[in-house]
Each structure stands twice: as C-alpha cells, then as structure tokens.
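In: when you get a sec, could you give me coordinates for this:
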Amino acid sequence: MWWALFACVENWTLLGGKDTEPGDSEGTPSLADLDGDGHDGVASGGDDCWDDPASIPADFVAINGLAQPGAADVYPGAADVPYDAVDADCAGDTDFDADGDGFLSAAWPDRSDALGDDCYDDATDVYPYDDACSPQGSLLPGSVHPGATDAAYDGTDADCSGGGDWDQDGDGFPSCEECDDTDANIFPNDSPEVWYNGVDENCDGNDGDQDGDGYVVDGYAFAVPEHQDPGDCWDDPAVENAALNGFPALGAGDVNPVAGETWYDGVDADCDGANDFDQDSDDQATADWPDASSNFGLDCEDTDPSVYAGAVDDWYDGVDSDCAGNSDYDQDGDGYDDPSGDGEDCDDLDGSVSPGAAEDCATAYDDNCDGSTNNQDALGCTVFYVDADGDSYGDPTTARCRCEVGAGEVEDNSDCDDTDAGVSPAEVEICRDGVDNDCDGGGGSCELGSMSLSGADAVWVGEGTSDYAFYSTASAGDVNADGYGDFVVGAFAESVAYVVAGSATPSSGTLASAQRLTSIDLQYCGMVVAGLGDHDGDGYDDVAVGCWGDRASGNIYGHVAIVGGDASLADAFLDDMVAYEGSGSEYAIQVGAAGDVNGDGISDVIIGAPSGSINETEPGRVYLVYGAAALRSVSLASQLVIDGEAAGDIAGQSTAGAGDVDGDGLDDCLVGAPYAGDEGRAYLLLGGDITSYSDVGDAVVFAGEA
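Out: So this is what the prediction gives:
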C-alpha cells in the first residue's frame, strides 16, 4: 500500500481523524481518510465504505427522490436514511427494511424498481389501519409484516394482508356497520328476512317483528331486542285475519299487546287471549254477534258478567239475568207481568192464572184476574135459564152458562111462556083454550098435528114426469172430496142415475143440474143405487148403480156399474163404467157398501142376487167384491160367492154394511132373506170368517118374530 511506504520514511501520528506529521501546527487530510470523516476507507484497511469524495460509487447514488449524501456522510455509525439505496452506516444491510423485521418495504422500490411486501416498514409510512370503526392502532413497524399475528379490531393490518381490520368476515361491511362480523352472509342488505330464526340476516335489527309494530311474535325463541317487546299474536301480514260483522278490517300491524280491542270483530287485537265474543269474561259468548262459524252464543248482555244463560234470575229487578228472554216481571211465564212491573197478573206464581186465561169452574180462584170466579161461559160451566114466573122451568131464550146458579135461574129450559106460572111442561093440557099449557107444541088443540114436506130445507125435482126419479136414494159419501156429503138417486124408467153434490148452503134444484149417469144399452139402471165409500183408495168416494141387464137382448142377469168419484162430477155413460156382472138370469142387482171386510184399508162391495134364477128354483146368493187400487170389471161368479139356505128364500133381497160388530178390526155385513124359514131371517157375515162360509147358514142368524 502506498500509505505503508510513507510510514517507512517518517513517523505519522493519527490525530482526530487527520494525518499529521511531527512538528506540524495543523492537520492535513490523511491519504487513508480522504473524506475526512474520521474513518479510513476500506481501501486503506479501514471501514469507511465510501471514502473518496472525488467519485460516487454506483451503489451510493440516492434514489426515490431522497437527498444525495456525500462521502463524508458515509461511515460506520453514520445516520442511515432508509430507502435512498445508500448504505450510509456501512452496515452492509438492505436499505429497504427499516424496521429490521426481515421484510422489505412495500412503499419504496429498490434500484430495480422492485417492492417488498412490508406494508409498514418505517414510522413515516402510512399506517396500515382501517379507520371505519376506530382510530389507528399503536404497533411499531417491526411488528407489522407479512405473517405477523393480526389481532382483529386493534386498528392495524398487522399481517399486511390488506383486509379490513374491522371486517373479519370479508363481506365489505365493518363490524360497526353490520350486526354479525363473523358471517359473510349477514350484512345490511335488501334481501328478505328469514323470520323468527334468531338470525338478523339483513342487519335491520329485527328478526321477530314482521309487521313492524314494535312487538315480536308471541313465543319467539330468542332474545328480544331492547327496542322491541314480546307478545305479538298476529305478526305475519301475509296471514289473513279479516274482521267479522261489518267491523273495519285489521292488518297484522294493528294487533299487539297494547292495541285497542274491538269486540265481536273476531280479532284478538290486544293479544290477551280472551274470547272476542265474551266481553264480560263470563265464559258465555254473546247472543248478539255471530262468530266465524256463524254461531251465536247465549249471553244476552255481554257487558255484565252477572248476566248469562243459566244464571240465577232475581225476579222483579228488571234484569233478565238468566237470558231466558222472558219478562223479569213474569215469573210464571204466562205472558202477563206482575203488578210490580205494571202488569195485571193477579198470581205471578201460577201460569194458569192471568188476564188471558179462561175462567174455569173447576178452580176456586179467579183464573182470569177479572175479580170474579163466576164468569159467563167459563170452562165447565153449567147452562142456566131465567125462571121469571117461578114455576121451576126456564125460558129457553135466556141461556147463560156460569159456574154457580144465580137467583131466579134454573137448569131446565122447557118453559114455553115464562111470564105465566100456569104454563109449563108440568101442567095438564086444557083442550081448545088456545094455550099450550103443557108446552108440547100442540097449541091447545088436543089432536095430533100434521106436517108437510114442503117445509124441507131443499127440494129436488126429477127431469121428467114418468122417469121414476128418486125410486132409489142413498148417501154417496163425498164423491168429489170437497168436504161436503153428496147423495145419489136413481130414475130407473130412463136408466139414469144422478149424483147431487152437497154444499155449505143446500138449495132446491132439478136433477138436470146434477151429475147425470146415463145408460144406452142397459135397462132399468137406477132401480138400486148405493154409496160404496172409497172403493179404489184414491181419496174419492165411489157409487154403484144397479141395472137389470142388456136392453137389446132382454136378458136379466144383473149388472152393477161402479162410478168412480172425482173432483169434476162430469156427466158419464154407465155403459163405459167398470161393471160387476152376474150370469144367466140370476138378477144380481141389490148392492150395498160392505165396509172394509178384509182390512186392506179399501172399502168392499156386497151384491145380492135374491132370486137366484127367474123361476126362483135356486137359492138367492150374495157376492163380495173386494176394493182395489185400480177399479176393474169382474164377473161376479169369479168373486166370493155365498148362497142362500134354500130356494125361494130370496137371500140377498137386501144387503148392507154392519160395521165392525165383533170388534176384530174387520167390518162385517148383513144379508136379508125375507122368505127364509117361516119368519124371515137376517144373516151377519163376519169379516174374519166370511171366506169360510159355504152358505149364509154358516153365518150368525137372526130370525124374525113371526
């Protein structure tokens, strides 16, 4: 070295960083410390890494816009300015790791423009913190570098990851702006809330109050926020809860524990669980408003818990406590109030006593509250008559029905002159004195009186002078079912029968105005007529008209025409009617209603053929024709036939229904045989036995006297 050569010539003393010779008064730069910074250059064996001021090594040119140091500014122990790429303290370390944590600065590029990844390498760097929720932290640069432990919410991005220190779930919302910084799916948003699951998905502070009325749903399983209250019984607006009975419709937001209750609208608006139809809480629904099922309760006053169906009713206080609907002043329920309620009931404990009751002679009290127990026409009353003349016989025109006989009254009403005590039923008639002394209607003549049919209520006259009208007559029953009895008559000379209709006001007339039943081919129709009752069960009574036989042939065999009843009573031909016909010359013409012999509910017919034959060589006989739902023509020989006992008896000359003589539920009938035996006989054919008779002799026999 060159400095070593000099040392061999003279002795040098190193003073204060200056090279001086012995005896010099001031120092001069040493050849080993060219920049005079007190440190010899590396070339002179020292440790000054830049000692020559005359040249700047490439590694000592400052970058990043920082001040260029001189050679005298570079020596061991000098202040090293980071990031200028100049190793001012000759330490030989990187100029881009100011905090010495082993990570290069991410803010200052090196000479190749490369950056490190240390986000906070020097205190002059921008502090790596998220100030969204709080001020920056206080970590030193050496504690901040990639891989460092990053404590959440300390205000420092200690691991230089770039993530928000206040957004741990990475959803873009710091913890102070969202409700759950541990779940990236939970943050302020407009997505629909999943209600009642304990999670506030959109961070609006509400998971249990869907209708937004400040009350979470009743039964909410999670903690209720401080700004809300529990107990909402209708929280879902999507659920319909329409009001009833014409009350305004409510929404979910109108229903909560402090809402006003509207009774009888079917909505529990205040969520107290009470029955909306039981305002007074007496466990009975109101009788005034129907519920959702249209059912009414029994409570007639739903604002008073002491009034309900079944409550004990205090009578005469003006309140229907038991909701029976009756007057509180009508304890016996007879429709009349007690006088305490301005009523007129004289005994409000007895329902049979009231102003509307009928006076009853059987009771000792005043039934109708009129102040008397002997009213005219009382129930069970006795008819009394005034006996003005005191002969113990009353005037029939003075009837009065009362419970007790009054003065001058008697029960007899047969006095024909109540002004004369000598005239009464007890007196003896004095003939021809002009006075009916014994009140028998004789007028004092002492002879039998006479009468005339001209005094009848109604007179009916036939159509012709020789038609033998009214040769036969009979009750027809109610042929047209109008509620009035009718009658049937025969005019056999013309082979005609008539049905005359009854009425509420019978009047005289001619048979021309009646229903006319005419025959063309049959002769002597109408010699016998009979009412049969309802022979076909159609609700109309029917009639029978007996005819001798065929007009053209002159055969006498008997023909009974059955005329069915109907509402019209229109004229008809007997030839067209259902016929019950005999055979041969048996003259089956006598006809009568037998009643219901077989118990089928339909009336039957008994027909007599008294001659048996023209020459009466055979016994008479009778035929029984049972009624049926449909009238039909029959041959009498095919029906039930019962013969007389002997020829010439004329059995069947008369026939008639006898009713239920033996009380077995079946009607019985009678057959007359005027020539039977020596005295004439009648035979009672019993309905229960009639099919077993071989002849009328098997029946009950009634014989004449002589």
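In: test my guess that Tyr524 contacts Gly554.
Out: No: contact status for Tyr524 versus Gly554: not in contact, 11.2 Å apart, counting by C-beta atoms under 8 Å. From N, CA and C alone the C-beta is placed, and that goes for glycine too.
In: and stretch 61-73, end to end?
Out: In stretch 61-73, first residue to last residue: 13 Å (C-alpha to C-alpha, to the nearest Å).
In: of Tyr524 and Gly554, who's got more company?
Out: Neighbours around Tyr524 and Gly554, counted as other C-beta atoms under 10 Å, are more numerous at Tyr524. The numbers are 22 against 9.
In: list the contacts of the more buried one.
Out: Residues counted as contacts of Tyr524 (C-beta atoms under 8 Å, 6 or more residues apart in numbering) are Phe492, Ala493, Ser495, Cys547, Trp548.
In: 10 Å instead?
Out: By C-beta atoms under 10 Å, 6 or more residues apart in numbering, Tyr524 lies in contact with 468, 471, 490, 492-495, 546-549, 551, 556, 559, 589.
In: give me the subset of those residues that lies in strands.
Out: Counted as lying in strands by DSSP state E, out of the contacts of Tyr524, are Tyr471, Gly490, Gly546, Cys547, Gly549, His559.
In: quick one: common contacting residues for Tyr524 and Gly554?
Out: Residues within reach of Tyr524 and of Gly554 at once, by C-beta under 10 Å, 6+ apart, are Trp548.
In: so where's the stretch 601-706 of the chain shaky on pLDDT?
Out: For the stretch 601-706 of the chain, the stretches flagged by pLDDT under 70 are 612-617.
In: so where do the helices sit in the chain?
Out: 2-9 (DSSP state H).
In: which of the ones in strands among the contacts of Tyr524 has the weakest pLDDT?
Out: Least confident by pLDDT among these: that is Gly549, with 77.
In: what's the neighbour count on it?
Out: Around Gly549 there are 22 other residues, counting by other C-beta under 10 Å.
In: over to Gly565?
Out: If we define neighbours as other C-beta under 10 Å, then Gly565 has 26 of them.
In: low-confidence stretches in the chain?
Out: In the chain (pLDDT under 70), the answer is 1-29, 130, 443-452, 454-455, 584-586, 612-617.
In: for the nearest residue to Val563 once chain neighbours are set aside, give its distance to Asp313.
Out: Spatial nearest neighbour of Val563, chain neighbours left out: Val543 (5.0 Å); criterion: C-beta to C-beta, 6 or more residues apart in numbering. As judged by C-beta to C-beta, to the nearest Å, Val543 and Asp313 stand 65 Å apart.
In: just Asn202 next, same as before
Out: Distance, Asn202 to Asp313, by C-beta to C-beta: 61 Å.
In: hang on, Glu581 packs against Ala637?
Out: Yes: between Glu581 and Ala637 there is a contact under C-beta atoms under 10 Å: 8.9 Å.
In: mind checking which of these two has more residues around it?
Out: Shown here are Glu581 and Ala637; by other C-beta under 10 Å, Glu581 has more neighbours (18 against 14).
In: ok, now which ones touch the more buried one?
Out: Counting by C-beta under 10 Å, 6+ apart, Glu581 has contacts 547, 549, 557-561, 588, 607, 633-637.
In: from these, which would you call buried?
Out: Cys547, Gly549, Tyr557, Gly558, His559, Val560, Ala561, Ala588, Ile607, Val634, Leu636 (16 or more other C-beta atoms under 10 Å).
In: and the residues you listed as a markdown table, adding distance to Ala426?
Out: Shown next, in a markdown table, are these (distance: C-beta to C-beta, whole Å):
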| residue | distance to Ala426 |
| --- | --- |
| Cys547 | 58 |
| Gly549 | 63 |
| Tyr557 | 64 |
| Gly558 | 59 |
| His559 | 60 |
| Val560 | 56 |
| Ala561 | 58 |
| Ala588 | 58 |
| Ile607 | 54 |
| Val634 | 63 |
| Leu636 | 61 |
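In: so which of those comes closest to Asp229?
Out: Nearest to Asp229 among the buried ones among the contacts of Glu581 is Val634, at 96.8 Å by C-beta to C-beta.
In: which non-adjacent residue is nearest that closest one?
Out: Once flanking residues are discounted, Val634 sits nearest to Tyr580: 5.7 Å by C-beta to C-beta, 6+ apart.
In: so which of the contacts of Tyr524 comes closest to Ala572?
Out: For these, the nearest to Ala572 is Ser495 (13.3 Å; C-beta to C-beta).
In: can you get me a residue count around that closest one?
Out: 25.
In: right, and it touches Thr518 too?
Out: Yes: proximity of Ser495 to Thr518 meets the contact threshold set by C-beta under 10 Å, at 7.0 Å.
In: mutual contacts of the two, please.
Out: Shared contacts of Ser495 and Thr518 (C-beta under 10 Å, 6+ apart): Cys525, Gly526, Leu574, Asp575.
In: for the residues you listed, pick the one with the most neighbours.
Out: Within the shared contacts of Ser495 and Thr518, most neighbours by other C-beta under 10 Å means Gly526, with 31 neighbours.
In: hmm, Gly155 and Val144 touching each other?
Out: No: the pair Val144 and Gly155 fails to qualify as a contact (C-beta under 10 Å) at a distance of 11.6 Å.
In: neighbour count: these two, which is higher?
Out: Legend: neighbour count by other C-beta under 10 Å for Val144 and Gly155, higher for Val144 (26 against 20).
In: what sits against the closest residue in space to the more buried one that isn't next to it in sequence?
Out: Spatial nearest neighbour of Val144, excluding adjacent residues (C-beta to C-beta, 6+ apart): Tyr120 at 3.9 Å. Listed by C-beta under 10 Å, 6+ apart, the contact partners of Tyr120 are 98-99, 101, 103, 105-107, 126-129, 139-145, 148, 156-158, 160.
In: wait, isn't Asp99 in contact with Ala148?
Out: No: if you go by C-beta under 10 Å, Asp99 and Ala148 don't touch, sitting 11.1 Å apart.
In: shared neighbours, the two?
Out: In contact with both Asp99 and Ala148: Asp118, Tyr120, Gly142, using C-beta under 10 Å, 6+ apart.
In: ok, how many other residues are close to Tyr683?
Out: Burial of Tyr683 is recorded as 25 neighbouring residues (other C-beta under 10 Å).
In: beta partners of it?
Out: Val671, Val701 (DSSP bridges).
In: tell me the contacts of it?
Out: Applying C-beta under 10 Å, 6+ apart, the residues near Tyr683 are 622, 642, 644-645, 651-652, 669-673, 676, 693, 695-702.
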